[in-house]
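S.K.: All I have is the shape, not the residue letters:
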DNA sequence: CGACTTCTTGAATGGACTCAACGGTGGTGG
DNA sequence: CCACCACCGTTGAGTCCATTCAAGAAGTCG
């Protein structure tokens, strides 16, 4: 490996930082990761990075900007599944499926890296720890979607809205995109409605209620949260599902504690059974 | 590896079959997989295999029976995130998180295998193809949750219900648990309501409408779908999201086509950029 | 056979939706 | 430079889908 590459590897990218919260990356892993982000593309707002039904495209890594992952019904009704923030992967596994079951559209100008899906095999074979960390972060994403499902299924409009605002505040503050309880939400009320399963009109009224009760302030796309505590309480927000706690580093342990498996199957443990 | 183990490996388990649809398993991989399912436990209905908030437990593999994955709000409202069927993993990544953000409860008597989370490291390091296939099947699960999110956000009660019935019919027929358009749904209307984000009363009325229009028949837990086509049309069901098509075997290709990556980062491709 | 859970149906309520209209803002071009 | 248009946000009024409340029927289990 050349010096030039090695020095380039030292710039930590959002993905780099995200995976670091799961395990301590070796220099080699950092190098490989930065190589995956070698090919960088900029896209304007309202660009489809991935389109529902589309056959194939490179895997993308969001480096800067916002996007939404969304699904549409044939008749046009639409649901925003999640917000894509820096460090998130786009179509990691979709490229291996026959075709994409969702779209990803930019909300702001973005900077994305991309690599061909063939490299996934390489990644899993040569960098198992990275592969595990990526799979893990995929599981974290699913947890977010599942929590949103709970919102749509069982929370009222007010609760849902409060919950989403607190979620975004927490997620953004990790990547230093929210300070002092305020952040930029580059989103129309229509998109908010599609994310929360509500009508535009009703989102508007719900935001007004939150504004009038003094919990939040809105000027343009800037949102200020005045009382996170109460907002979280309204939305019954429990940040457990975001899996932010990095303390145990269980993944790290799984790899270091593991007896290097060679060939057949010969681990420890006894054959217990329970009625 | 002993002969005894090798012979045991030859019984295909549901997980085995599921992963086979992504790639052709080698004998070694089959052997390892069957070793992961070595420790088998039986549990009665209404047992928690995993509990929201709980710190740690073994990874489970569902071998036989039904379970639900669900999340609850502090005030008791509940959302069923997904149905767990044979071949599905339980808590694969949760064991690596600090604590579980959802519960898994059996609906029927079940047979599950379990293995300690430390083996995940072993799996990723020694069986990259299996690891990729498992990550892939995790992505497929997320796709199902995302589709359910679309249901709760944008489909009416009737549409949602129709959609879920068709989904279960499709998923069950893959594992030979549905024949001739009928299957056993070991579920109360309360659970159905919690899965679809509706009240018990309304699910009852919705099922009645479907029954009265002749689309389905219900006797006890047995459900018969008389007109899949029309049911699918009501629910705007498009099976794309289930990712059942195994034809391309892209995963297989990603591994065989991949240039064995050795050390640093030196793949092909040019540094393009786009405005 | 009781006791419990589950299913079913009616009636009234309500949360969110649709329809509709108006105001603000920013971009475009005559 | 301002008229125009498109998009977005805001608000009112009426409607409807789904909920809650309530109570009885039908299973199910010890």
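M.R.: Sure thing, it's come through. Here the structure is a predicted model, which is why all the values come from computation and not from measurement.

S.K.: these two touch, right, residue A:32 and residue A:127?
M.R.: Yes: taking contacts as Cβ atoms under 8 Å, residue A:32 lies within contact range of residue A:127: 5.7 Å. Where C-beta positions appear, they are placed from N, C-alpha and C, glycine not excepted.

S.K.: Residue A:67 bridge partners, please.
M.R.: residue A:84, residue A:106 (DSSP bridges).

S.K.: if I look at it, how far off is DNA strand C?
M.R.: Spatial separation of residue A:67 from DNA strand C under the definition Cβ to the nearest atom of the strand, to the nearest Å is 21 Å.

S.K.: tell me, how many neighbours does that residue end up with?
M.R.: Per other Cβ atoms under 10 Å in any protein chain shown, the neighbour tally for residue A:67 reads 28.

S.K.: Same check on residue A:118?
M.R.: Using other Cβ under 10 Å, the number of residues around residue A:118 comes to 20.

S.K.: Return the nearest residue of the stretch 101-250 of chain A with respect to DNA strand C.
M.R.: When scored by Cβ to the nearest atom of the strand, the stretch 101-250 of chain A has residue A:202 as its residue closest to DNA strand C, at 3.0 Å.

S.K.: Contact partners for that residue?
M.R.: Contacts of residue A:202 were listed using Cβ atoms under 8 Å, 6 or more residues apart in numbering or on different chains, and they are A:157, A:193.

S.K.: Check the one 4 residues further on too.
M.R.: Contact partners of residue A:206, counting by Cβ under 8 Å, 6+ apart, are A:157, A:158, A:161, A:198.

S.K.: what do you get if the cut-off is 7 Å, keeping everything else the same?
M.R.: A:157, A:158, A:161 (Cβ atoms under 7 Å, 6 or more residues apart in numbering or on different chains).

S.K.: cool, residue A:211 as well?
M.R.: Contacts of residue A:211 by Cβ under 7 Å, 6+ apart are A:217, A:218.

S.K.: What does the pLDDT read for it?
M.R.: Residue A:211 is assigned 97 on the pLDDT scale.

S.K.: still on that earlier bit, between the contacts of residue A:206, which is nearest residue A:67?
M.R.: Ranked by distance to residue A:67 (Cβ to Cβ), the contacts of residue A:206 are led by residue A:161 at 20.9 Å.

S.K.: and the contacts of residue A:206 near chain B, which?
M.R.: Among those, proximity to chain B is found for none (Cβ under 7 Å from any Cβ of the partner chain).

S.K.: could you point out which element follows the longest helix anywhere in chain A?
M.R.: Identified as the longest helix of chain A according to DSSP state H is helix A:128-154. The C-terminal neighbour of helix A:128-154 among helices and strands, as given by DSSP states H and E, is helix A:157-174.

S.K.: which one of the contacts of residue A:206 has the most neighbours?
M.R.: Of these, with other Cβ under 10 Å as the count, residue A:161 tops at 26 neighbours.

S.K.: how about the nearest residue to it, chain neighbours excluded?
M.R.: Take residue A:161 and drop its neighbours on the chain: the residue closest to it by Cβ to Cβ, 6 or more residues apart in numbering or on different chains is residue A:206, 4.9 Å away.

S.K.: Am I right that the one you found is in a helix?
M.R.: Yes: per DSSP: H, G, I helix; E, B strand; the rest coil, residue A:206 lies within a helix segment.

S.K.: Could you tell me what pLDDT the model assigned to it?
M.R.: 98.
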